[in-house]
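Enquirer: Curious how this folds, go ahead:
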Amino acid sequence: MKKLQQLIKDRGARVGIIGLGYVGLPLAAEFAKGGFRVTGFEVDAQKVRDIKDGESYIADVPTAEVAELVKKGLLTATLDFAGLRKMDAVIICVPTPLRKSKDPDVSYIVASVKEARKYLRRGQLIILESTTYPGTTKELVKPMLETGGLKAGRDFFLAFSPERVDPGNSKYGVKNTPKVVGGHTPACTALAAALYGAVIDRVLPVSGTEAAELVKLLENTFRAVNIAMINEMALMCHKLGLDVWEVIGAASSKPFGFMPFYPGPGIGGHCIPLDPHYLGWKMKTLNFEPRFIELAGAINSSMPAHAVERVGELLNARGKALSRSRVLMIGMAYKPDISDPRESPAHDVLILLEKTGAKADFYDPYVAEADIEGVTRRSRRDALRRIKDYDCVIIVTPHSCIDYADIVKNARLVFDTRNATKGLKGKNLHRL
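Expert: Numbering: from 1, shown residues only. Next up, the predicted model:
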C-alpha cells in the first residue's frame, strides 16, 4: 500500500482507463494533465487511432488538449489489453445499458473485469466507475478478480467511484466535480481517494463500495422522479388550461423549500432513463417494490406519445390530419448544445410521428445522423430554410444557436416542448 501511495504522490503511478468514451476520455485527460502517464484500453480501433493522432471525438475534451498530452507522452491508447499488467491503477469506464426487459446489462463490465483479471498483479488498484446496482463491486467484480488466488484488500485494492460526467456543462468538469469513493476495505478507500485527490479538487470517501454505488443511483433517481412529477404537472396544466412554464416560474420565486424542474417530451442521456432501473431491479430481488421508480418511469416514458398527441390535436384544429402532414422535428440530442443523442426522447417522437402516417424530418445542428431502430436518419440541413414546407414544427431539443423567433415568424404551426420560445408570441405558437 505504501509503495502505491508514494507512486501516486510522486505522479509515478501508471493509470489505465478501460473504455475511452464520454466518461473515460475526460478522466484520462484529467489524469494526464495532472502529470500521470495514462493509457486508454479500447476495443474500438477508430478511437485508438484518433487518440494516437491527437484527435478528440468527445466535445468536452478539446483536440488541442489531446494533441498536447499525446505529444508529451502522457496519454496513449491501445487495443492490446496485455498492457494492463504494467498499470498501477486500472479504472473501468464502460457502458451499462439496459436489456429490453429493463434488467441490467453488465456484460461490458464482465468483459472488462475478465481482461483485468488476466493481468492482475499484487499491489494494483482496480476501480469501477460504470454506473450499476448496489453490490456489483462486491458480488460480481471481486469474486471474478479473486479467481486467480489474489485477495482484494490484501494482495490488490478494489474500489467503486461513480462517474459524474455532464456532457456540455461548461461550469463543472472532472476536476471541479466532487468525487465519491468507496473501497472494499479502508485501505482500498484510502488509495482510491489518494489517486483521485491528486487531480480532483474534492474527494468524498464513503463507507464502502455499495454506498458509493447507491450514491450515483440516488442522484439520478432523484432527477427521474422529480422530472416525472413536473411532467405530470404539465399534463394537469394542459387539462386546466394553464401555462405550466408560468406556474414553474412563479413557484421558483420562493427562496426556500422549492427546486425547479422542467417538463419535456421525455428523458434522455446515459443516466436518467437507465440508472433508476438498476436500483429498481436490485430491490425487486430483495422483495421490495420500488413504486416511485416504476411510476416515474411510466410517466416519463409516456411523454413522447403526449407530445405527438398534442401535435395531432393542434393540426386537427386547423383542419389538417397528422397522417397527411409534413412535420419537422427540431432536435435529436438529448439535451441542449451537445451532439449526444443517446436515449434521446426525440427517437420516440420521430417513430411515433411516422407511425401516424406523417412524413417527419429532423434537424439538429450538432447531430448529423442518428441510428433509430436500426435505420440511419440524417439531419435535414436545409430544413430551416424550407420551414414553410412543413405543416408543423415540433421543438424537442432546443439549441442556443437556433433563431426561434425566425421559426415562429415563418412556420405555419409551432409546438414547443421545452420552452425554447420563451418570450415569443404568435397565434401559431403553442407550448407543452
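Enquirer: The closest residue to Ile91 other than its chain neighbours sits in which helix or strand?
Expert: Excluding the flanking residues, the one nearest Ile91 by C-beta to C-beta, 6 or more residues apart in numbering is Ile127, at 4.7 Å. Using the backbone N, CA and C atoms, a C-beta is placed for each residue, glycine as well. Secondary structure assignment for Ile127, by DSSP states H and E: strand 125-128.
Enquirer: Walk me through which strands that strand pairs with, and which way each runs.
Expert: strand 89-92 (parallel), strand 157-160 (parallel) (DSSP bridges).
Enquirer: what sits up against it?
Expert: 4, 88-92, 109, 116, 120, 136-137, 141, 145, 156-161, 181, 188, 191-192, 195 (C-beta atoms under 8 Å, 6 or more residues apart in numbering).
Enquirer: And the next helix or strand past that strand?
Expert: Assigned by DSSP H and E, the successor of strand 125-128 is helix 136.
Enquirer: Mind checking the pLDDT average for that following helix?
Expert: Taken as a whole, helix 136 carries a mean pLDDT of 97.
Enquirer: contacting residues around it?
Expert: Here helix 136 makes contact (C-beta under 8 Å, 6+ apart) with Val106, Ile109, Leu128, Phe160, Glu213.
Enquirer: Give the buried residues for the helix or strand following it.
Expert: Where DSSP H and E defines the elements, the next helix or strand beyond helix 136 is helix 142-145. Using 16 or more other C-beta atoms under 10 Å as the test for burial, helix 142-145 gives Lys142, Leu145.
Enquirer: swap in stretch 224-236?
Expert: Buried residues in stretch 224-236, counted by 16+ other C-beta under 10 Å: Ala224, Val225, Ile227, Ala228, Met229, Ile230, Asn231, Glu232, Met233, Ala234, Leu235.
Enquirer: Ok, stretch 353-371 next?
Expert: Buried, per 16+ other C-beta under 10 Å, within stretch 353-371: Leu353, Thr356, Ala358, Ala360, Asp361, Phe362, Tyr363, Asp364, Pro365, Tyr366, Val367, Ala370.
Enquirer: Then stretch 323-330?
Expert: Across stretch 323-330, burial judged by 16+ other C-beta under 10 Å covers Ser325, Val327, Leu328, Met329, Ile330.
Enquirer: Quick one: mean pLDDT over it.
Expert: Mean predicted lDDT for stretch 323-330 stands at 97.
Enquirer: cool, stretch 349-368 as well?
Expert: Rounded mean pLDDT across stretch 349-368 is 96.
Enquirer: That stretch: end-to-end distance?
Expert: 17 Å (C-alpha to C-alpha, to the nearest Å).
Enquirer: so which of the strands paired with strand 125-128 comes closest to Ile407?
Expert: Closest approach to Ile407 among the strands paired with strand 125-128 is made by strand 89-92 (43.7 Å; C-beta to C-beta).
Enquirer: any residues touching the helix or strand following the closest one, and which ones?
Expert: Per DSSP H and E, the first helix or strand lying C-terminal to strand 89-92 is helix 107-118. Contacts with helix 107-118, where a contact means C-beta under 8 Å, 6+ apart, come from 18-19, 41, 81-82, 84, 90, 92, 94-96, 126, 128, 130, 132, 136, 140-141, 144-145, 147-148.
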